[in-house]
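J.: need a 3D model of the following:
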Amino acid sequence: MSFARLGAAFVAATAAFAAPAFAQSQIDDAECVAPANPGGGFDLTCRVAQTGLEPHIADPVQVTFMPGGIGAVAYNLFNTTRTDDGSAIVAFSTGSLLNIVTGKYGDFTEKDVRWVGTAGADFGAVVVRADSEYQDLKGLMDDFSADPASVVVGAGGSVGSQDWMKGALLLREAGAAPMDMRYVAFDGGGDAIAALLGGSIQVYMGDVGEMVPHLESGQMRILAVMSPDRLDAPFAEIPTAMEQGYDVEWTILRGFYMGGEVSDEDYQKWVDAFKAAYATEEFAAVQKEKGLLPLNLAGDELQASIEKRVENLRQIATEAGLLGN
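T.: So this is what the prediction gives:
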């Protein structure tokens, strides 16, 4: 199986989860921790919980920010200090799972926390400033092929992270070595977007969902989305990498975890709230507004999905040269 196809295979969406409505969950001081600075994908993920769960939780969900190590600081905190905090959920993405696989979160594994629910599915995006010389993906790929170091790429993650992996897939498709990418790491998508707008980088490897407000401002353009098929509005006019002739896909699962010692009672309150939300048109509308597709998993179903995704990510990381054989 090709490197790009492995990337597509591990994110094949499972059947959407539906459940009957529940009464409001009584969660005091409900909090969603976005483990980065404001403005990126983790911020977006928490906003889905804040808005989408509002009818299903007695107290409004407050969003807080905990930047550091592309999620490592938060993962460490909820595995050492806030292990039994039943009021807080933490945003994660496929990139977080990749960081676990590659050891960027220390010795902690996917088995050390409780996976609660999902916000939806997102897709990789190749983003440039509105005034960029690159008018389509081909121009960028030609430069990657001729001289990878001539293009300054940035994203919210270090070498080996999910966002780096998007660029690595493109370089590999262009016939260049992924490790030759001239890559600048930032602590979250918000910082990387600021660098793109400021001219410090030329290309941002981001996610479709987080781009909605920025595209509306007219300051940036998406050269390609890394979805299997074209997305609906507001991205309907943006071609996929596949239809531009490049065999590259990257789908992102967005969701939430809690500390590993949270009581079953507190854990179930959150699971019930997510299941109730998934059954409503209002939650689907929030997902669409944030540029996400419905991939609705909670509780045991999400736990099983995480285990499969981590296994597949290990294969991808090995293919990319990030792990030993």
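
J.: restrict the one helix or strand residue 309 maps to to CA atoms and write it as PDB.
T.: Assigned by DSSP states H and E, residue 309 falls within helix 300-319. This file holds the C-alpha atoms of helix 300-319, laid out as PDB (Å, rounded to 0.1, in the frame of the first residue of the first chain):
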ATOM      1  CA  ASP A 300     -16.800   2.800  24.100                       C
ATOM      2  CA  GLU A 301     -17.300   3.300  20.300                       C
ATOM      3  CA  LEU A 302     -14.800   6.200  20.300                       C
ATOM      4  CA  GLN A 303     -12.400   4.200  22.400                       C
ATOM      5  CA  ALA A 304     -12.400   1.300  19.900                       C
ATOM      6  CA  SER A 305     -11.900   3.700  17.000                       C
ATOM      7  CA  ILE A 306      -8.900   5.300  18.800                       C
ATOM      8  CA  GLU A 307      -7.200   2.000  19.200                       C
ATOM      9  CA  LYS A 308      -7.600   1.200  15.500                       C
ATOM     10  CA  ARG A 309      -6.400   4.700  14.400                       C
ATOM     11  CA  VAL A 310      -3.300   4.500  16.600                       C
ATOM     12  CA  GLU A 311      -2.400   1.100  15.100                       C
ATOM     13  CA  ASN A 312      -2.700   2.500  11.600                       C
ATOM     14  CA  LEU A 313      -0.700   5.700  12.600                       C
ATOM     15  CA  ARG A 314       2.200   3.500  13.700                       C
ATOM     16  CA  GLN A 315       2.300   2.100  10.100                       C
ATOM     17  CA  ILE A 316       2.200   5.600   8.600                       C
ATOM     18  CA  ALA A 317       4.900   6.900  11.000                       C
ATOM     19  CA  THR A 318       7.100   3.900  10.100                       C
ATOM     20  CA  GLU A 319       6.600   4.600   6.300                       C
END
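
J.: buried sites along stretch 316-325?
T.: Neighbour counts over stretch 316-325 (16 or more other Cβ atoms under 10 Å) mark 316, 317, 319, 320, 322, 323 as buried. Backbone N, C-alpha and C define where each C-beta goes, glycine included.

J.: check stretch 223-241 too.
T.: By neighbour count on 16+ other Cβ under 10 Å, the buried set for stretch 223-241 is 223, 224, 225, 226, 227, 231, 235, 238, 239, 240, 241.

J.: strands - which of these land there?
T.: 223, 224, 225 (DSSP state E).

J.: thinking again about what came up before, check the buried residues of stretch 223-241 and tell me the two furthest apart.
T.: Spatially, the most separated pair among these is 223 and 231, at 14.4 Å (Cβ to Cβ).

J.: quick one on the thing from earlier: now the ones in strands among the buried residues of stretch 223-241 in a markdown table, with distance to residue 304?
T.: Putting these into a markdown table (distance: Cβ to Cβ, whole Å) gives the following:
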| residue | distance to residue 304 |
| --- | --- |
| 223 | 36 |
| 224 | 32 |
| 225 | 28 |
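
J.: so which of those residues would you say is closest to residue 124?
T.: Within these, distances to residue 124 taken as Cβ to Cβ reach their minimum at residue 225, with 7.2 Å.
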